[in-house]
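**Q** no FASTA, just this:
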């Protein structure tokens, strides 16, 4: 799933960004303030430049990470992500893909109203899993609508009923409305017929062969193909098969 996120995030056009240095500096200050005032780990990712800025608050020490701020040549904070429980990491990537797909159809000026909140198990410095709340916000876009700057925030979850954190949601933090929740959305994403067509595509069958196999017209098969590509937010059959496998659809 991370590979597919890379494809979607890094293949954006980023045609024009007005005052990019000023906007990036402002975003860095915001990330640094979060880390200092909330004792969290803040990760600001510049998707166009394919690099990130890490700001370590007190949580970093608890997780066995150096508290020294740093810049890395990646949009992924692997020093931290390698400590996340594998099941939670896949859940995080799947939800973030849904988030990207949702924001892709959201006006740029409204994108900061949305965020992903995920509960993660992360190993601390004693290699024991502790609960951490992860938040993802896209805080700036290029003029053509490409998502440019992403802010990830990691906070310790304390064992208190008032601090209950959902397993994973996409939420409008302005209205409080939950947009999509958990993996149920994946299972109903494609119709039964679309799954049949995709299974045959995966086996290397061409549209004419699929049409003969299912006793349908080639126009109907091509329409199913286009619907599959649109629903999975992909542009070709190979990418569709990879996406469907990751989502458990085929």
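**A** All right, it came through fine. None of these values were measured; they are calculated from a predicted model. Residues are numbered from 1 along each chain as shown.

**Q** biggest strand in this protein, by residue count?
**A** strand 129-141 (DSSP state E).

**Q** got a list of what the closest residue to residue 234 other than its chain neighbours touches?
**A** Once flanking residues are discounted, residue 234 sits nearest to residue 240: 4.8 Å by CB to CB, 6 or more residues apart in numbering. The way it works is simple: take the backbone N, C-alpha and C, and place the C-beta from them, glycine included. Counting by CB atoms under 8 Å, 6 or more residues apart in numbering, residue 240 touches 198, 201, 228-229, 232, 234.

**Q** chain center to the one helix or strand residue 240 maps to: distance?
**A** Per DSSP states H and E, residue 240 falls inside helix 237-247. Centroid separation for helix 237-247 versus its chain: 16 Å, with CA atoms, centre = their mean, to the nearest Å.

**Q** Report the secondary structure state of the most centrally placed residue in the chain.
**A** Closest to where the C-alpha atoms of the chain average out (CA atoms, centre = their mean) is residue 96, at 2.0 Å. Under DSSP: H, G, I helix; E, B strand; the rest coil, the three-state class of residue 96 is helix.

**Q** That one contacts residue 136, doesn't it?
**A** Yes - using CB atoms under 8 Å, residue 96 makes contact with residue 136 at a distance of 6.2 Å.

**Q** So for these two, which residues contact both of them?
**A** Joint contacts of residue 96 and residue 136 (CB under 8 Å, 6+ apart) are residue 116.

**Q** so what's residue 17 up against?
**A** 23, 48, 142-143, 148.

**Q** Go again with 6 Å.
**A** residue 142 (CB atoms under 6 Å, 6 or more residues apart in numbering).

**Q** which SSE is it in?
**A** Assigned by DSSP H and E, residue 17 falls outside every helix and strand.

**Q** Start at 6, not 1
**A** Will do, 6 is the new start, and the previous item becomes residue 22.

**Q** can you give me phi and psi for it?
**A** The phi/psi pair for residue 22 (degrees, to the nearest 10) reads phi -130, psi 120.

**Q** re earlier: what about the helix holding residue 245, average pLDDT?
**A** The average pLDDT for helix 242-252 rounds to 79.

**Q** Tell me which stretches of this protein form strands.
**A** 46-51, 56-61, 75-77, 119-128, 134-146, 152-161, 173-177, 183-186.

**Q** what's the closest of these to residue 12?
**A** Nearest to residue 12, of all the strands of the chain, is strand 152-161, at 13.5 Å by CB to CB.

**Q** Can you give the strand pairings for that closest one, parallel or anti for each?
**A** Strand 152-161 has the following strand partners under DSSP bridges: strand 46-51 (antiparallel), strand 134-146 (antiparallel).

**Q** Got the domain ranges for the protein?
**A** For the chain, automatic domain parsing gives the domain ranges 7-187, 190-252.

**Q** By mean pLDDT, show me the worst of those domains.
**A** Looking at the domains of the chain, the weakest mean confidence is domain 190-252, a mean of 86.

**Q** mind checking how far the residue nearest to residue 239 is from residue 211?
**A** Look at residue 245 and residue 211: by CB to CB, to the nearest Å, they are 15 Å apart.

**Q** what's the answer for residue 247, then?
**A** 19 Å.

**Q** higher neighbour count, those two?
**A** The neighbour count for residue 247 versus residue 211, taken as other CB atoms under 10 Å, is higher for residue 247 (17 against 12).

**Q** Report the spatially closest residue to the more buried one, excluding sequence-adjacent ones.
**A** With CB to CB, 6+ apart, the residue lying closest to residue 247 is residue 9, at 6.5 Å.
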